[in-house]
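Trainee: Pasting the sequence and the predicted model now:
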Amino acid sequence: MEEHHIKKISDELQINPRQVIATAGLLSEGATIPFISRYRKEATGSLDEVAITDIRDRLTQLEELDKRRDTIFKSLKDQGKLTEELKKKIEHAETMAFLEDIYLPFRPKRRTRATIAGEKGLEPLAQKLFSQGDMDPMEEATSFVNKEKGVESAEDALSGARDIIAEWINEDQKSRTRMRSYFTEKGIFISKVVQGKDLEGAKYRDYFDWQESVAIAPSHRILAMRRGEKEGFLNLWVAPPDEEEACALLDAQFVKRDSPASEQIKMAAHDSYRRLLSHSMETEIRVETKKRADEEAIRVFGNNVRQLLLTPPLGQKNVMGIDPGFRTGCKVVCLDPQGKLIHMDTIYPLLSKKGKTEAAQKIRDLCKQFHVEAIAIGNGTGGRETEAFILGLSLSGNIQIVMVNESGASVYSASDVAREEFPDQDVTIRGAVSIGRRLMDPLAELVKIDPKSIGVGQYQHDVDQKALGARLDDVVISCVNAVGVEVNTVSTQLLTYVSGLGPQLARNIVAYRNEHGPFGSRDTLKRVPRLGAKAFEQAAGFLRILGGDNPLDGSAVHPESYYIVESMAKGLSCTVEELIGDGELQKKINIQDHITDNVGVPTLNDILEELAKPGRDPRDRFESFAFAEGVQKIADLEIGMKLPGIVTNITAFGAFVDIGVHQDGLVHISNLAGHFVKDPNDEVKVHEKVWVTVLDIDLERKRISLSMKEGKKPTKHVPQVSVKKKPEKISEKNKKKSDRTLFNNPFFEALKHH
């Protein structure tokens, strides 16, 4: 690792150089981010996953810069143009843009007006003019007239010379840096509707005649305009507000005198701006702002996915899963506490009175036969009606009835994973199983689905897919390892994300378990084919074996630290098993007695936390929730109603909330709280239970505006809220608001997931 990289990263991230060196070393050895943050705290100075990820990403960027630098060095050497001065400039270039500016004059290029003028022998004239000495340009140009080379007149010669000078100005490093800053600080996005597309592209009408500063344009509006452009409804470009001001910057740099020659330079500079620099800078700004918008959208999406994956699980219970439907009926499955399918059926409670009667008896019988403890109902079409039917059965026992977000269930149902797991079942049964399992353990089920398909993104299909994929991998790996997995029941898909494993080792572990039975200890994992010492070191601490040979195997204590716990127990004259969970014994431990050269206070504190709550799940406890009774569709809503809801998606401009009417409502960022909100994530989390007030309803376009200014938190157990008053018919005024309403924002339309 380059020494200057260490210093640069240390300065940028405000991290001690020793921490950067240690982290980089562990990463180069193949250590994963969860492993480093959890089990190598002494080496890194207790850096968390965020800091380690920042170091990794910055190292990658600097390595890419070095690779490009080497490529440029080779090109210049091959051209015989690598001078010592040029070499120093390249070595000190700290950004890709600066590096490319240096290389631009030497980059192989197609024939341009400047190269054609050079072929006509006009470069000496350009040099004379560029010196801006005392001369008559027309007189100087006369000697360059050469009809055989296509220079018909002195004016032709001057025109060619200006073309050469214009290219010099375009390729000048200082002028590009100055112009780049100018475009970044004062550039304007200008968006216009494509002629004749105003009706077809109505969802983008806010951008039909729109201008916005490049410097402050938010991610979602940049991506909305670009999407409108891509779909053929908008023309979009970037330009400074004043072309004369931009040209004046070049005049200040290149026009040195008030002379005839200087006038030629001024003409060339203005031509360079209009014909070359402005287009080049527009391209750069579009690329840079797209990158900035992508980063923000990916950040938002990553946060949403993390929150969804860490949704509190119901746990291992006998669960009935119901995938609602009208004409085709509701698919019903019964699952055991491990999520195994033990029964499936179809009921028709939403078609006829007879169907409802038969369905009621069947549900009662199934609940009794399979000792059902909870019923998970998908929130898709017919979901609220099915929920009302189940609630009306007054089932015996303390059976929890929960609406489950089924976004992406259909994607799972048709996937290779689902076909492999349920080869003899159709997609509807697979979907019902997925709904039931999502209630039991959202993380274990959602990792089987492409995160882009689970309905919590912001323009996820418009952003850089490689960057998005890398971010999502980080998020899923982080969540899986934070929770840990029970190795004797875990699916191959979930096991894939465990630190140090991957698809092949995950399959090998499951195959070994199927052949030899449950693992009795973590040490037995070493017998799995191709699971070597390095993979075991990375994975072992995140794999749980409950009820195994060693009680520590069910905790997050790493096997490499078992001897420490054994030493603690020996010092207290007790067994490891007695020490685990016994707070009084643990209080007697003096961690100073166990500090060594390799083991410090951070690791010892982690061990004590695990002894107090071995294998603890970092996710919150599951809490019951119910939507308001009598509110099942948009027509049931009234302005001013206060309702319970669940946050389903967070964007840069607000949060979407499911209030049980088959269409999520939007809480605009201005209505998230009674104070200024900069980032919606500061106020709400995905799957958080909240109270909202209905502000506006658009029946025609199925849009709901909500507010959380009056307070967002429901009680821990959310009761059903009765709406006794029959909602009045929504007035035409409320159905069709003016263009000022937030419903008319094109990004609202573009982000509609449901």
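Mentor: Thanks, I have the structure now. Since the structure is predicted, the reported quantities are computational estimates derived from the model, not experimental observations.

Trainee: Residue 705: what secondary structure?
Mentor: Classification of residue 705 by DSSP: H, G, I helix; E, B strand; the rest coil places it in strand.

Trainee: Can you get me a residue count around it?
Mentor: 23 (other Cβ atoms under 10 Å). Placement of C-beta: from N, CA and C, glycine included.

Trainee: pLDDT below threshold where in the protein?
Mentor: 1, 455, 457-458, 711-754 (pLDDT under 70).

Trainee: switch to 80 and redo it
Mentor: Within the chain, the set of residues satisfying pLDDT under 80 comprises 1-3, 241, 397, 451-460, 700-701, 711-754.

Trainee: Can you spell out the domain ranges of it, please?
Mentor: In terms of domains, the chain is parsed into 3-78, 319-440, 496-612, 634-750 (source: automatic domain parsing).

Trainee: So which of the ones you listed is nearest residue 242?
Mentor: Across those, residue 242 has its closest neighbour in domain 634-750 (28.4 Å, Cβ to Cβ).

Trainee: can you give me the strands in the stretch 551-700 of the chain?
Mentor: Remark: strands assigned in the stretch 551-700 of the chain by DSSP state E, counting those that start in this stretch are 642-651, 654-658, 665-668, 689-698.

Trainee: hang on, the earlier thing: with respect to residue 254, which of the domains of the chain lies nearest?
Mentor: Here domain 3-78 is closest among the domains of the chain (Cβ to Cβ), at 25.3 Å.

Trainee: Go ahead and measure how far that closest one is from the middle of the chain.
Mentor: Mean-position distance between domain 3-78 and its chain equals 22 Å (Cα atoms, centre = their mean, to the nearest Å).

Trainee: For that domain, what is the spacing between the initial and final residues?
Mentor: With Cα to Cα, to the nearest Å applied, domain 3-78 spans 28 Å between its terminal residues.

Trainee: Is residue 343 in a helix, a strand, or coil?
Mentor: Assignment for residue 343 (three-state DSSP): strand.

Trainee: Could you double-check that it sits in contact with residue 372?
Mentor: No. Assessed by Cβ atoms under 8 Å, residue 343 is found out of contact with residue 372, at 10.2 Å.

Trainee: Format the strands of the stretch 551-700 of the chain as JSON lines; extra columns: distance to residue 40 and mean neighbour count.
Mentor: Output for the strands of the stretch 551-700 of the chain, formatted as JSON lines (distance: least, Cβ to Cβ, whole Å; neighbours: other Cβ atoms under 10 Å):
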{"stretch": "strand 642-651", "distance to residue 40": "32", "mean neighbour count": "24"}
{"stretch": "strand 654-658", "distance to residue 40": "37", "mean neighbour count": "26"}
{"stretch": "strand 665-668", "distance to residue 40": "41", "mean neighbour count": "25"}
{"stretch": "strand 689-698", "distance to residue 40": "37", "mean neighbour count": "21"}
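
Trainee: Which of residue 343 and residue 372 has more residues huddled nearby?
Mentor: A direct count of neighbours by other Cβ under 10 Å for residue 343 and residue 372 places residue 372 higher, at 20 against 13.

Trainee: quick one, what contacts the more buried one?
Mentor: 318, 319, 320, 334, 366, 399 (Cβ atoms under 8 Å, 6 or more residues apart in numbering).

Trainee: And stretch 418-435, what's buried?
Mentor: For stretch 418-435, the buried set under the neighbour-count rule, 16 or more other Cβ atoms under 10 Å, comprises 418, 421-422, 425, 427-435.

Trainee: Please disregard the earlier target; I meant stretch 14-23.
Mentor: Using 16+ other Cβ under 10 Å as the test for burial, stretch 14-23 gives 15, 19, 20, 21, 22, 23.

Trainee: Doesn't the first one lie inside a helix?
Mentor: Meaning residue 15. No. The assignment for residue 15 by three-state DSSP gives coil, which leaves it out of any helix.
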